[in-house]
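>>> sequence unknown, structure follows:
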């Protein structure tokens, strides 16, 4: 109540002083500053959205804890473990991409080298040379990631923008090439294997069963996610955003953009290394592909897909990364092609990723206008599905011709029999595809109109509330 | 060796000069083109100086040289008696010189408050800290709020910089410039593109926020110049041809010949038309 009064009165004083060209404007401003500061100090103490934050983090912890109880199959637990690793890796990648505007094509260098150092550490622990508990092996990976980021990042972060991207690409290729040249460290073609079960274990925890590893990963996932979120609220984290938005201006408020990028790069390298160390414990074998360009590409791809503009976007990305590479690849051989299509679609229509889609709709829902968009969403989904079925039929036929030619031209697709060499199958699929695209475009236009109207109304509503 | 020499010359200069900002024979070439040809300027602490001159005289280049955006080709620049030519922009800023830009140069995807907080973090000594929460940095937050109040944008506290109106962006530009508390402030055409009434308000704003500071401003609007400046420096073809109080500059035949007369007539005509 008192804070409300204070802010109102200060605005009342400040408003006329803005209009009148008198030098006591400064004095008036100075007077009101004290009042407003008192008001804001109270506002700092009581932050209702802090409650929301507690809820979100509790739910996150609960999901991590309960997931293996709900999905009990060994495949599910393996996937959940990988998701935890993917979440840390994508979040660390997004420190560069989303928060720092650094498009890295070589993030797997830091996760991968973290994995390698971790597996050598694990083997040293097994051999008795290194007195480190297995549960801290991921931290060894983290330190490795950090050290390599200190070394390589010094070169990389001297540049920004396109040169930065080029250097990361080059370094990624360099490290991958080295992995085949130095078999002593990288283990050559076969990689380096290890065993996470060392000694008797503590309190029955040997990390033999997958579920024990899962809970270790879940713990790391929670702590790392919290730490990376905390980072976004620190001076360095905020200046990293500033460097992303306008590196030039940063230099004129006292900060060296190189330093900001470099320090952020090192911290990202540490978390990448932790993800790499967890990978080691999870798979117990590390091969050269962990530092490869494909893996770096996957981090970029899924971080973008999840949404680089929001902190939680990469969490979605990490989950999708595992779902796609484990489940989607079971469904179809052409899974990478489908991913490519989805990526194209997202870049064109939703460059903020899934996270931004969620947040935009939450905003609409907060103003109670989501109900009006339901029919449009149904239309969009329906027409997209039609177009997708057509495209998928054609993709499957192409793959069938290329890979399964020996099985004859016939294939089963969604309960229908297609003939990969028949004109009617191709014509039918093309017909479905183009009909779907045309209908989708119509639905999209209608949706865009509706969406624009809703946004206008929301803006109007916000202005109305501001005026109150 | 050269570092040691600069160091000694720095100390003697600090003792001798007593100027907030000093330019000695500053030259700048881009390839064969000489933009600044031996500019000299001595600004005392607390003075408000307007730099005027015809288009292409090198006013913005001069600002870029002083603020470290470009390196000088020859000559020296001293801030409070210490050499700053050859230093990086952030080093110069840390030594107490801050500048604004002709085209608003903001952190577009951060809120107004965050823009200002970014501008105060270094001066409050938080450097690259990643072990402290921004919310706990009360001095930085208070300073950002104070500046927010000074530039009359407190109602837009949480609006993203890119969603501000033009005049608001110009105000935020000034806010970012002064937030760090630099003693020497360079404003590059702060009122460019503003309406008459906005400009009037803005001149007042600039006066308010630069109390006790040394101010250099590039300006085309003669109303602003005579309203704001204690002294005027006239820059023509990369040289400072006059540097004096407004009346003396106005009466200076060299200036009238080179520049001021025609512009003044223009301005008066425009003013009469309004």
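In hand now; what should we look at? On a predicted model such as this, the values are computed, not experimentally measured, just so you know.

>>> Check whether residue 103 sits in a helix, strand or coil.
Reading this off chain A. Three-state call for residue A:103 (DSSP: H, G, I helix; E, B strand; the rest coil): coil.

>>> my bad, chain B
coil.

>>> Residue B:37 now?
Per three-state DSSP, residue B:37 ends up strand.

>>> what's the closest non-adjacent residue to it?
Leaving aside its sequence neighbours, residue B:37 sits nearest to residue B:238 (CB to CB, 6 or more residues apart in numbering or on different chains; 3.9 Å). Every C-beta, even on glycine, is put in place using the N, C-alpha and C of the backbone.

>>> Quick one: neighbours of that neighbour, just the number.
23 (other CB atoms under 10 Å in any protein chain shown).

>>> from what I can see it touches residue B:30, true?
No: between residue B:238 and residue B:30 there is no contact under CB atoms under 8 Å: 11.3 Å.

>>> Relative to the whole chain's centre, how far out is the helix or strand hosting residue B:25?
Using DSSP states H and E, residue B:25 sits within strand B:21-30. With CA atoms, centre = their mean, to the nearest Å as the basis, strand B:21-30 stands 16 Å off its chain's centre.

>>> Can you show me the strands along chain A?
In chain A, strands defined by DSSP state E lie at A:192-193, A:285-286, A:410-413, A:416-419, listed in chain order.

>>> helices and strands around the first one, which ones?
Same thing as strand A:192-193. Counting contacts by 3 or more CB pairs under 8 Å, 6 or more residues apart in numbering or on different chains; DSSP states H and E, strand A:192-193 is packed against helix A:108-126, strand A:285-286.

>>> Contact partners for the residue nearest the centre of chain B?
Centre of chain B computed as the mean C-alpha position; nearest residue by CA atoms, centre = their mean is residue B:186, 0.8 Å away. Residues in contact with residue B:186, defined by CB atoms under 8 Å, 6 or more residues apart in numbering or on different chains, are B:63, B:66-67, B:97-100, B:177, B:216-217.

>>> which residues touch stretch B:229-246?
So stretch B:229-246 is contacted by B:27-28, B:34-43, B:47-54, B:57-59, B:62, B:217, B:225-226, B:248-249, B:252, B:254-255, B:258-260 (CB under 8 Å, 6+ apart).

>>> Show the average pLDDT along that stretch.
Mean per-residue pLDDT for stretch B:229-246: 91.

>>> Quick check: beta-bridge partners of residue A:412?
Beta-bridge pairing of residue A:412 under DSSP bridges involves residue A:417.

>>> Disregarding flanking residues, what is the spatial nearest neighbour of the residue of the stretch 101-250 of chain B found nearest chain A?
The stretch 101-250 of chain B approaches chain A most closely through residue B:122 (3.2 Å), counting by CB to the nearest CB. Once flanking residues are discounted, residue B:122 sits nearest to residue A:254: 3.2 Å by CB to CB, 6+ apart.

>>> doesn't residue B:95 make contact with the one you found?
No: between residue A:254 and residue B:95 there is no contact under CB under 8 Å: 9.6 Å.

>>> neighbour count winner among these two?
Between residue A:254 and residue B:95, counted using other CB under 10 Å, residue A:254 has the larger neighbour count: 24 against 17.

>>> Chain B contacts on the stretch 101-250 of chain A?
A:230-231, A:233-239, A:241-242, A:244-246, A:248-250 (CB under 8 Å from any CB of the partner chain).

>>> What's the ChimeraX line that selects buried ones from these?
Isolation of the buried members of those (16 or more other CB atoms under 10 Å in any protein chain shown) is achieved in ChimeraX through the command below:
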select /A:231,234,235,236,237,238,239,241,242,244,245,246,249,250
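
>>> So which of the residues of the stretch 101-250 of chain A next to chain B sit within helices?
Members of those lying in helices (criterion: DSSP state H): A:230-231, A:235-239, A:241-242, A:244-245, A:248-250.

>>> Which two among the residues you listed are spaced furthest apart?
For those, the farthest-apart pair by CB to CB is A:230 and A:248; their separation is 28.2 Å.

>>> Now for residue 176: which residues touch it?
Reading this off chain A. Contacts of residue A:176 (CB under 8 Å, 6+ apart): A:288, A:291-293.

>>> was after chain B, sorry
Taking CB under 8 Å, 6+ apart as the test, what residue B:176 contacts is A:249, A:253, B:100, B:106, B:115-116, B:118-119.

>>> mind redoing it with 10 Å?
Contact analysis of residue B:176 by CB atoms under 10 Å, 6 or more residues apart in numbering or on different chains lists A:249, A:252-253, B:98, B:100-101, B:104-107, B:112, B:115-116, B:118-120, B:147, B:151, B:161.

>>> mind checking how far the residue most central in space within chain A is from residue A:292?
Of all residues in chain A, the one closest to the mean position by CA atoms, centre = their mean is residue A:314, 1.5 Å from it. Between residue A:314 and residue A:292 the computed distance is 20 Å (CB to CB, to the nearest Å).

>>> Equivalent analysis for residue B:139, please.
48 Å.

>>> Kindly report the same for residue B:91.
On the measure of CB to CB, residue B:91 and residue A:292 end up 41 Å apart.

>>> higher neighbour count, the two?
Per other CB under 10 Å, whichever of residue B:91 and residue A:292 has more neighbours is residue A:292, with 19 against 15.

>>> wait, that one sits on residue A:112?
Yes: the pair residue A:292 / residue A:112 is scored as a contact, 7.6 Å apart, by CB atoms under 10 Å.

>>> quick one: common contacting residues for the two?
With CB under 10 Å, 6+ apart as the test, residue A:292 and residue A:112 both reach A:172, A:175-176, A:179.

>>> Name the spans of the stretch 351-468 of chain A whose pLDDT lies under the cut-off.
Of all residues in the stretch 351-468 of chain A, none has pLDDT under 70.

>>> count of residues packed around the closest residue to chain B within it?
Going by CB to the nearest CB, chain B is nearest to residue A:466 of the stretch 351-468 of chain A, at 7.6 Å. Neighbour count for residue A:466, taken as other CB under 10 Å: 10.

>>> Touching, it and residue B:155? I think so.
Yes: using CB under 10 Å, residue A:466 makes contact with residue B:155 at a distance of 7.6 Å.

>>> can you pull the pLDDT of the residue of chain A at minimum distance from chain B?
Residue nearest to chain B within chain A: residue A:254 (3.2 Å; CB to the nearest CB). Here, the pLDDT recorded for residue A:254 equals 95.

>>> Quick one: low-confidence residue ranges for chain A.
A:1-49.

>>> What parts of the stretch 351-468 of chain A come near chain B?
residue A:466 (CB under 10 Å from any CB of the partner chain).

>>> For the stretch 351-468 of chain A, which segments count as helices?
A:353-366, A:374-403, A:423-467 (DSSP state H, counting those that start in this stretch).

>>> So which elements touch the shortest one?
With contacts defined as 3 or more CB pairs under 10 Å, 6 or more residues apart in numbering or on different chains; DSSP states H and E, the packing partners of helix A:353-366 are helix A:293-306, helix A:313-322, helix A:335-349, helix A:423-467.

>>> Lovely, talk soon.
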